[in-house]
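J.: Could you look at this predicted model? Sequence included:
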Amino acid sequence: MVVPDPTRDPLVALARRHLWPPYTSPERHQEHDPLVIVDADGPWLLDAGGGRYLDGISSWWTCTLGHRHPRLLAALAAQAARLDHVGAGGAIHPAVAHLAAELCAVAPAGLERAFFSDDGSTAVEVAVKIAFQYWQQHGRPARQRFLALSSAYHGDTLGAVSLAGAEAGGFFTVFAPLLFEVARAPAADGGDADGCVAGWDRVAAAIEDRLARDGDSIAGVIVEPLVQGAGGMRTYPAEVLRRIADATRRADSFLIADEVFTGYGRTGAMWACDLAGVAPDLLCTAKGFTAGMLPMAATLATARIYDGFRAAPDGAPRTFMHGHSFSGHPLGAAVAREVLAIYRDERIVDGVAARAVRLSAALARAAALPGVRRPRQLGLIGAVDLGDGGYGGGGGPRFTDAARRRGLYLRPLGDTAYVCPPLNIPIADLDLLLDGFVDAVAECAAP
């Protein structure tokens, strides 16, 4: 039996006095009894109150290899013993040079350069700034706008927020005066969370039409490939992504793939783009990039884009004016390299298929329950809706509490209950997670 930690209540009081947590109102922060996580191992989290919880969302989609993988701990310790940090201005180090090469080697075809930053939002900011600057210095200054999907979410910095669709929670409305204008594809209205095939066909057709008519004003098209995560775990057909990619090529614009959530095996392939046979011009990765151990991200680019920043014919420099104090951080780079090695050695992506079969069976059980709506899945992403309120629906807190009582750490998106566990979760633990998920859905679904 686990003995509760007597320091738990003082820790909660201290946090309520000084901490400002994300996406949490002061009232919720004051009244809600949080988990106080003091230890973790594999897919399990240990609370100071004595509870053990299966991490059913990979700690906000990051811990693709679970917690405290021994090889990642060893890689971090070994790097820290040699070099903790060095600025990226005029200096490199072995870990970052090797990481850039190894990351490009597993990336979709044509991506040959890696720009390192610190989180997914910033990786998107980098991609947008690269695309914009490229056209400004290559004779197409009218290309100042980006085309994005409805229900999009690309991060919380102002550029990323500008790209987000209003349906992705609606929680960015207050910042509207600060945002730049974005061209938006229509919603895939179709009566389910994914839209429908006809609805997504209309989305693809609208993007094709917009690029054919107005392509010379579009610096890039940005998508979350195949799954819109924070917008409600909305999936769409691979053919739609192929059509968007083809239309972008015809307009000679840039396709930006935000694989912060979908990359690193989550969909059953290393990259969601791989499932559609699409090679983007820019790709953003974070979260699983370091398996959640350290904040680090990358933006990958083609040789064409990188070469577009070489000096102009008159010798004028075209330097990409962006940088970070922690760009290519040695500790993060060492861990990210070991993540790639673990993926190779432990065949992490290959193991998704068998786990996805169990997830599919659990979703079928959930779909048979009264009040459950729109089951959907891709790889180790599974979701159902408990009502029709979307991100603003009231099912979230009830489902969180129901899951917690069953020893699960799950955080729904409003009325959307979902699971995306570590990709290497042991089968027995996965079955516990899925049984608890179905039971929590049964408790909370609104008939």
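T.: Alright, I've got the coordinates. Numbering: from 1, shown residues only.

J.: Can you read off the backbone torsions of Ala272?
T.: Backbone torsions for Ala272, taken as degrees, to the nearest 10, come to phi -60, psi -30.

J.: ok, it touching Leu226?
T.: Yes: counting by Cβ atoms under 8 Å, Leu226 is a contact partner of Ala272 at 4.4 Å. Where you see a C-beta, it was placed from the backbone N, CA and C, and this is true even at glycine.

J.: what is in contact with those two at once?
T.: The contact sets of Ala272 and Leu226 overlap at Thr262, Leu378 (Cβ atoms under 8 Å, 6 or more residues apart in numbering).

J.: of these two, who's got more company?
T.: Ranked by neighbour count (other Cβ atoms under 10 Å), Ala272 and Leu226 place Ala272 first, with 30 against 25.

J.: residue ranges for the strands of the stretch 151-300 of the chain, please.
T.: For the stretch 151-300 of the chain, the strands defined by DSSP state E, counting those that start in this stretch cover 183-184, 218-223, 227-228, 234-235, 254-258, 282-285, 297-302.

J.: Okay, now the sheet partners of the fifth one, with direction.
T.: It refers to strand 254-258. strand 218-223 (parallel), strand 282-285 (parallel) (DSSP bridges).

J.: which one of the ones you listed lies closest to Leu14?
T.: Nearest to Leu14 among these is strand 282-285 (35.0 Å), distances taken as Cβ to Cβ.

J.: Low-confidence ranges, the stretch 1-150 of the chain, go.
T.: Across the stretch 1-150 of the chain, the ranges flagged by pLDDT under 70 are 1-4.

J.: In TSV: the strands of the stretch 151-300 of the chain, plus distance to Arg406 and mean pLDDT.
T.: Shown next, in TSV, are the strands of the stretch 151-300 of the chain (distance: least, Cβ to Cβ, whole Å; pLDDT from 0 to 100):
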stretch	distance to Arg406	mean pLDDT
strand 183-184	39	95
strand 218-223	35	98
strand 227-228	25	96
strand 234-235	26	94
strand 254-258	32	98
strand 282-285	32	98
strand 297-302	33	98
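
J.: could you dump those to JSON lines with mean neighbour count and distance to Asp9?
T.: Formatted as JSON lines, the strands of the stretch 151-300 of the chain follow (neighbours: other Cβ atoms under 10 Å; distance: least, Cβ to Cβ, whole Å):
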{"stretch": "strand 183-184", "mean neighbour count": "16", "distance to Asp9": "47"}
{"stretch": "strand 218-223", "mean neighbour count": "26", "distance to Asp9": "45"}
{"stretch": "strand 227-228", "mean neighbour count": "26", "distance to Asp9": "40"}
{"stretch": "strand 234-235", "mean neighbour count": "24", "distance to Asp9": "40"}
{"stretch": "strand 254-258", "mean neighbour count": "28", "distance to Asp9": "41"}
{"stretch": "strand 282-285", "mean neighbour count": "29", "distance to Asp9": "40"}
{"stretch": "strand 297-302", "mean neighbour count": "26", "distance to Asp9": "36"}
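
J.: Select, out of those strands, the one closest to Asp39.
T.: Of all the strands of the stretch 151-300 of the chain, the one in closest proximity to Asp39, counting by Cβ to Cβ, is strand 297-302 (26.8 Å).

J.: Work out the gap between whichever helix or strand comes after the closest one and the centre of the chain.
T.: Using DSSP states H and E, the next helix or strand after strand 297-302 towards the C-terminus is helix 303-307. Taking Cα atoms, centre = their mean, to the nearest Å, one finds the center of helix 303-307 at 25 Å from the center of the full chain.

J.: contacts for helix 303-307?
T.: Residues from elsewhere that reach helix 303-307, judged by Cβ under 8 Å, 6+ apart: Gly110, Glu112, Arg113, Ile130, Ala131, Tyr134, Phe254, Asp281, Leu282.

J.: Would you mind checking which of those residues is nearest to His324?
T.: Nearest to His324 out of the contacts of helix 303-307 is Ile130 (Cβ to Cβ; 14.3 Å).

J.: Now do the contacts for the closest one.
T.: By Cβ under 8 Å, 6+ apart, the contact set of Ile130 is Phe115, Leu282, Thr299, Ala301, Ile305, Phe320, His322.

J.: okay, the strands of the stretch 151-300 of the chain in CSV with distance to Val86 next?
T.: Below are the strands of the stretch 151-300 of the chain laid out as CSV (distance: least, Cβ to Cβ, whole Å):
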stretch, distance to Val86
strand 183-184, 41
strand 218-223, 32
strand 227-228, 37
strand 234-235, 42
strand 254-258, 29
strand 282-285, 23
strand 297-302, 18
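
J.: residues touching the closest residue to Gly308 other than its chain neighbours, list them.
T.: Closest residue to Gly308 apart from its sequence neighbours, by Cβ to Cβ, 6 or more residues apart in numbering: Tyr134 at 4.8 Å. Each residue near Tyr134 by Cβ under 8 Å, 6+ apart is listed here: Ala219, Phe254, Ile305, Gly308, Phe309.

J.: Wait, the fourth one touches Gln136, no?
T.: Meaning Gly308. No: Gly308 lies out of contact with Gln136 (Cβ under 8 Å); the separation is 10.4 Å.

J.: Now list whatever residues contact both of those two.
T.: With contacts taken as Cβ under 8 Å, 6+ apart, not a single residue reaches both Gly308 and Gln136.

J.: buried ones in stretch 271-289?
T.: Residues 271-276, 278-289 are the ones in stretch 271-289 that count as buried (16 or more other Cβ atoms under 10 Å).
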